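Asks: model the structure of this input:
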Amino acid sequence: MANKFGLGSLPLESKNPMSSTAFINKAKPFFVDQIGDTLQGDIDMNNFKITNLKFPGNDNDAVNKKYLLDQINAIQIDKDHVENRINDVKRYLRRNIKNLVDEPKLQQELTSLKRLIQVVAKFNI
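Replies: Just a heads-up that it's a prediction; the model follows:
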């Protein structure tokens with residue numbers, strides 16, 4: 001049976017808060033201590049909310065909706081920033097491509113490459 005908050009799962013005779021130790025012993029499996037308790041099963045929130053979660057410090061910590069949405073928005077902003085920088089580089093290259101290529105040097109390299117290919121083909125290397 002799942003751990004639950006409250007006494008809904010206890011037999012009716014255990015719901016009398018005046019029956020001291022017997023009540024505490026029967027109720028203990030159905031309650032969670034406020035500090036440092038570990039559950040031994042699921043929690044059925046019965047459509048109630050979990051509120052006031054602290055900032056997640058560890059990988060397995062729960063997060064609230066605002067924190068999650070802030071993280072998603074930060075990723076989207078970074079993605080937009082990167083796309084804008086890529087577009088800036090593309091514009092720069094389109095404007096300056098002729099200045100980036102030294103045609104005589106490029107022709108010289110192509111001629112050298114053609115000669116090398118002819119030598120390789122001649123000797124079947």
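Asks: past the one helix or strand Ala22 maps to, which element shows up next along the chain?
Replies: Assigned by DSSP states H and E, Ala22 falls within helix 20-27. Toward the C-terminal end, the helix or strand that comes next after helix 20-27 (DSSP H and E) is helix 65-100.
Asks: what about stretch 59-74, distance to the chain center?
Replies: 9 Å (Cα atoms, centre = their mean, to the nearest Å).
Asks: and the average pLDDT for the helix holding Ala22 is what?
Replies: In this model, helix 20-27 has an average pLDDT of 69.
Asks: ok, now stretch 38-54?
Replies: 85.
Asks: now that stretch: how far from the chain's centre is it?
Replies: 22 Å.
Asks: span of that stretch from start to end?
Replies: 18 Å (Cα to Cα, to the nearest Å).
Asks: cool, stretch 49-62 as well?
Replies: 13 Å.
Asks: list the contacts of that stretch.
Replies: Outside stretch 49-62, the residues that touch it by Cβ atoms under 8 Å, 6 or more residues apart in numbering are Val63, Asn64, Tyr67. Every residue, glycine included, has its C-beta placed from N, CA and C.
Asks: tally up the residues packed near the last one, please.
Replies: This means Tyr67. When neighbours are counted by other Cβ atoms under 10 Å, Tyr67 registers 14.
Asks: could you measure from it over to Pro56?
Replies: For Tyr67, the distance to Pro56 (Cβ to Cβ, to the nearest Å) stands at 7 Å.
Asks: residues that sit against both of the two, list them.
Replies: Common neighbours of Tyr67 and Pro56 (Cβ under 8 Å, 6+ apart) do not exist.
Asks: what's the burial count for Leu53?
Replies: Other residues near Leu53 come to 13 when the count uses other Cβ under 10 Å.
Asks: dihedrals phi and psi, it?
Replies: As for Leu53, its main-chain torsions (degrees, to the nearest 10) stand at phi -70, psi 140.
Asks: domain ranges for this structure?
Replies: 1-48, 57-125 (automatic domain parsing).
Asks: mean pLDDT lowest for which of those?
Replies: The bottom spot among those, by mean pLDDT, belongs to domain 1-48, with a mean of 65.
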